[in-house]
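J.: show me the folded form of this:
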Amino acid sequence: MMATHSPIPVDPRITSLTQKCSKAFAFMPLAACLWVLVAIAAPGAAYGQEDPLSTVHVQPPPPPPSTEPKPVEGKEALKARSGERIRVNVNLVLVPLTVTDPMDRLVTGLEKENFFIYENNHLETIKSFSTEDAPVSIGVIFDLSGSMTNKVIRARDSILQFMKTSNPQDEFFVVGFNDRPELIEDFTSSVDQIEARLAIVKAEHRTALLDAIYFGLNKMKQAKYERKALLVVSDGGDNRSRYTEGEVRSVVRESGVQIYSIGIFDPYAATTEERMGPLLLNDISEETGGRLFRVDDVSEMGDIATKISAELRNEYVLGYKPDNDKHDGKWRKLKVRLVPPAGLPQLTVHARTGYYAPLQ
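T.: Numbers count the residues shown, from 1 in each chain. So this is what the prediction gives:
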């Protein structure tokens, strides 16, 4: 007596696909057609043997399974790939700075022992000290308002001189602004590419300086290097921006970006905005550890640009772990005190004035 079996229920979609297959794939062998049906009915089956975690060499967590990759720690973090989370166990604050003498000349060759750093007037222990010429992500904020008409060629040449004397690994973007900011060239290390784009710019309309700085700081979020700087080239104050000075100052503090400025100011400025321009750029620059360089003769702009490039390539970088490890998001004041070696005159330190503590 033969055993009887209940019929296996067949998904009506398979029946329909079988009928369509006999027509649409009549030219194909039966085995190939069935393979197509299996692939359509179970799209994940063909790839079931591939473990997505195997590509990042991270062991999956124990059951229940997690949808997130396991955090990478220690030396393995140096090899982390896209999509992996890196767990940071040390909250290290980095403070880049430059030192100048009474003649405003750059001072190099100082040692860790010459520096003392204070957070909220509390002396911290310097854990790391570096003077290497590490690459920087740099944004150029280029004034193309009407008042720059007779200065735009000199300004453009000084920007290119700045780039040509920078670290070859530096990356740049360029924002031009008049009534509004506009990205002229995205992040690139090709100075020739930037030169070609700047060859066709022209100066016209009014000056939205604050909007341009805000735009540049926002763009800097896409930078690939830890060290970041803006170079602002402008001849006057703001008379067109939507963002206020207070809003931009707040973003400057949060960004951790150094700002250097080349100011081509008119000593006989007619408007309040133009007269306030130098003060605005000076305050914003000094607060970040950068500087404002005033241009008295446009023929000197190339030399000034080269000097700024040299400062960025010869910074001291101090690192410390704050004794106050609270993640409260509060503003913390920084002050760097320098004790120069015997025989040197009084030196000036240019460093950022503070930072916001993390929130988590």
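J.: what ranges does this structure have for its helices?
T.: 12-24, 30-41, 152-164, 191-198, 209-219, 245-255, 272-287, 301-313 (DSSP state H).
J.: in TSV, list those along with distance to residue 360 and mean pLDDT.
T.: Every C-beta, even on glycine, is put in place using the N, C-alpha and C of the backbone. Shown next, in TSV, are those (distance: least, Cβ to Cβ, whole Å; pLDDT from 0 to 100):
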stretch	distance to residue 360	mean pLDDT
helix 12-24	48	47
helix 30-41	45	42
helix 152-164	37	97
helix 191-198	38	97
helix 209-219	22	98
helix 245-255	15	95
helix 272-287	25	88
helix 301-313	31	96
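J.: deepest in the core, which of those helices is it.
T.: helix 209-219 (a mean of 23; mean count of other Cβ atoms under 10 Å).
J.: so which elements touch that one?
T.: The contact analysis (3 or more Cβ pairs under 8 Å, 6 or more residues apart in numbering; DSSP states H and E) places helix 209-219 against strand 137-143, strand 171-177, strand 181-188, strand 228-234, helix 245-255, helix 272-287.
J.: give me the contacts around it.
T.: 139, 141, 143, 173, 175, 177, 180-181, 183, 230, 232, 234, 236-238, 240-245, 247-248, 251-252, 255, 257, 259, 277, 280, 284 (Cβ atoms under 8 Å, 6 or more residues apart in numbering).
J.: ditto for stretch 333-345
T.: 95, 97, 99, 101-102, 107, 110, 114-121, 318, 346-347, 349, 351-355.
J.: any quick PyMOL command for the buried ones out of those residues?
T.: Per 16 or more other Cβ atoms under 10 Å, the buried members of the contacts of stretch 333-345 correspond to this PyMOL selection:
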select buried, resi 95+97+99+107+110+114+115+117+119+318+347+349+351+352+354+355
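J.: can you report how many residues neighbour the residue nearest to residue 155 when sequence neighbours are not counted?
T.: In space, and not counting its chain neighbours, residue 155 is closest to residue 233: 5.2 Å by Cβ to Cβ, 6 or more residues apart in numbering. By the criterion of other Cβ atoms under 10 Å, residue 233 has 27 neighbours.
J.: still on that earlier bit, could you dump the helices of the chain to a markdown table with distance to residue 330?
T.: Putting these into a markdown table (distance: least, Cβ to Cβ, whole Å) gives the following:
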| stretch | distance to residue 330 |
| --- | --- |
| helix 12-24 | 61 |
| helix 30-41 | 58 |
| helix 152-164 | 36 |
| helix 191-198 | 39 |
| helix 209-219 | 21 |
| helix 245-255 | 12 |
| helix 272-287 | 17 |
| helix 301-313 | 29 |
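J.: please could you give me each C-alpha atom of stretch 343-360, formatted as CSV?
T.: Taking Å, rounded to 0.1, in the frame of the first residue of the first chain, the C-alpha atoms of stretch 343-360 are listed here in CSV:
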residue,chain,number,x,y,z
GLY,A,343,68.2,85.8,26.6
LEU,A,344,65.0,86.1,24.5
PRO,A,345,62.8,89.2,24.6
GLN,A,346,59.2,89.2,25.6
LEU,A,347,57.2,87.0,23.2
THR,A,348,53.6,87.0,22.2
VAL,A,349,51.4,83.8,22.0
HIS,A,350,48.5,83.7,19.5
ALA,A,351,46.1,80.9,20.6
ARG,A,352,42.3,80.5,20.8
THR,A,353,40.6,81.9,23.8
GLY,A,354,38.5,78.9,24.7
TYR,A,355,36.3,76.0,23.7
TYR,A,356,32.9,74.5,24.4
ALA,A,357,33.0,71.3,26.5
PRO,A,358,31.3,68.3,24.8
LEU,A,359,27.7,67.4,25.8
GLN,A,360,28.2,63.6,25.6
